[in-house]
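Participant: Need the 3D shape of this:
(one chain, ligands or ions: 1)
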Amino acid sequence: MRFLFSICVFNLMVCLAPLSWSQETSAPEGISREAALPNRHRFVAQDILKYCKPEKGFWVDLGAGRGQLTIPLIEAAENPVVMVDPDVEAMVQGLRIAREKELEDRLFAVVGVAESLPFPDDSVDLLVSRGSIFFWDDPVKGLQEVYRVLRPGAPAYIGGGAGSGFPQEAAEELVRMRVEQLEGADAARWRRFVDLRCPKQMDQWAAQAELPRYTVMGKGAISADDPRVGQGVWLLFHKQQNKK
Ligand SMILES: C[S@@+](CC[C@H](N)C(=O)[O-])C[C@H]1O[C@@H](n2cnc3c(N)ncnc32)[C@H](O)[C@@H]1O
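Facilitator: Below is the predicted model:
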């Protein structure tokens, strides 16, 4: 049976990985309007299970924040998940929410950054990350780190979006809002937001990280018409199996 990483008593491990500032320090103005739409994370959790078909074991949510995706994933899969994020306070909030839901025995937190993951090679059975790569200082180094820590054959699902089961009408509303924001007061930051969340950018990062095989799914921040993922963009890859 696979060994799940030792979990500390207080559920919060502070690792010595160097913390760094993100490349984009805050979301564009108006992003809170999007919060009025149905919650996207549980749809993403369903897509993760569908496309990654992960083995039970050591699962990581990278750039987990308050556990917005982590908690629905635990609920859907009943496998413990370790959150990794440089933001301690956000993860403490996530741990509190999990405790209220009586999920505290399945949610754990490690302070760290994508560019220096505090895990050994070949150790992680599933790594997911939603809405975070766009904030990493060095997405290419982050992807290399993800590949390093994955167990041979294990999947990673990294990107941003709402999930294929997200109601079509809500996805279209989300896209409408973003198109509108591209003309608004904070247009430059919205342009950057949209440009980073596009298939071409994901493909470029994956190629620069020299991932041996990967799939870019979805059409980006202002499209809702990929039936696999609905709105958003995702990078799916598996670590190659060891050659015998
Ligand atoms: C928009 S939030 C996404 C939160 C959550 N995953 C979600 O789906 O709603 C982006 C998160 O990425 C984290 N982050 C920023 N730079 C990072 C890095 N270099 N490595 C890992 N996480 C990072 C931030 O602290 C923040 O919690």
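Participant: ok, now how distant is the residue most central in space within the chain from Val111?
Facilitator: Closest to where the C-alpha atoms of the chain average out (CA atoms, centre = their mean) is Ser129, at 1.4 Å. Here Ser129 is placed at a distance of 16 Å from Val111 (CB to CB, to the nearest Å). (Each C-beta comes from the backbone N, C-alpha and C, glycine too.)
Participant: same question, Met202
Facilitator: Distance, Met202 to Val111, using CB to CB: 26 Å.
Participant: Of those two, give the one with the bigger neighbour count.
Facilitator: Neighbours were counted for Met202 and for Val111 using other CB atoms under 10 Å; Met202 has more, 27 against 19.
Participant: The more buried one contacts Leu236, doesn't it?
Facilitator: No. Met202 lies out of contact with Leu236 (CB atoms under 8 Å); the separation is 10.2 Å.
Participant: related to what we said a few turns ago, helix or strand: which one has the residue nearest to the centre of the chain?
Facilitator: Assigned by DSSP states H and E, Ser129 falls within strand 126-130.
Participant: Which strands or helices does the next helix or strand after that strand pack on?
Facilitator: For strand 126-130, the following helix or strand on the C-terminal side (DSSP H and E) is helix 139-149. Judged by 3 or more CB pairs under 8 Å, 6 or more residues apart in numbering; DSSP states H and E, helix 139-149 is in contact with strand 59-62, strand 126-130, strand 155-161, helix 199-208.
Participant: Would you reformat these as CSV and include mean pLDDT and distance to Pro80?
Facilitator: Shown next, in CSV, are the helices and strands packed on helix 139-149 (pLDDT from 0 to 100; distance: least, CB to CB, whole Å):
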stretch, mean pLDDT, distance to Pro80
strand 59-62, 98, 7
strand 126-130, 98, 11
strand 155-161, 98, 17
helix 199-208, 98, 28
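Participant: mind checking which of the ones you listed is nearest the ligand?
Facilitator: Nearest to the ligand among these is strand 126-130 (3.5 Å), distances taken as CB to the nearest ligand atom.
Participant: Compute the inter-axis angle for the closest one and helix 139-149.
Facilitator: Between the axes of strand 126-130 and helix 139-149, defined by axes from the mean of the first three to the mean of the last three CA atoms, to 10 degrees, the angle is 160 degrees.
Participant: Which residues does strand 126-130 contact?
Facilitator: Outside strand 126-130, the residues within contact range by CB atoms under 8 Å, 6 or more residues apart in numbering are 41, 44, 48, 52, 54-55, 57-63, 68-69, 73, 114, 146, 149-150, 154-161.
Participant: Near the ligand, which residues of the chain are found?
Facilitator: 22, 62-65, 68-69, 85-87, 90, 113-115, 130-132, 135-137 (CB under 6 Å from any ligand atom).
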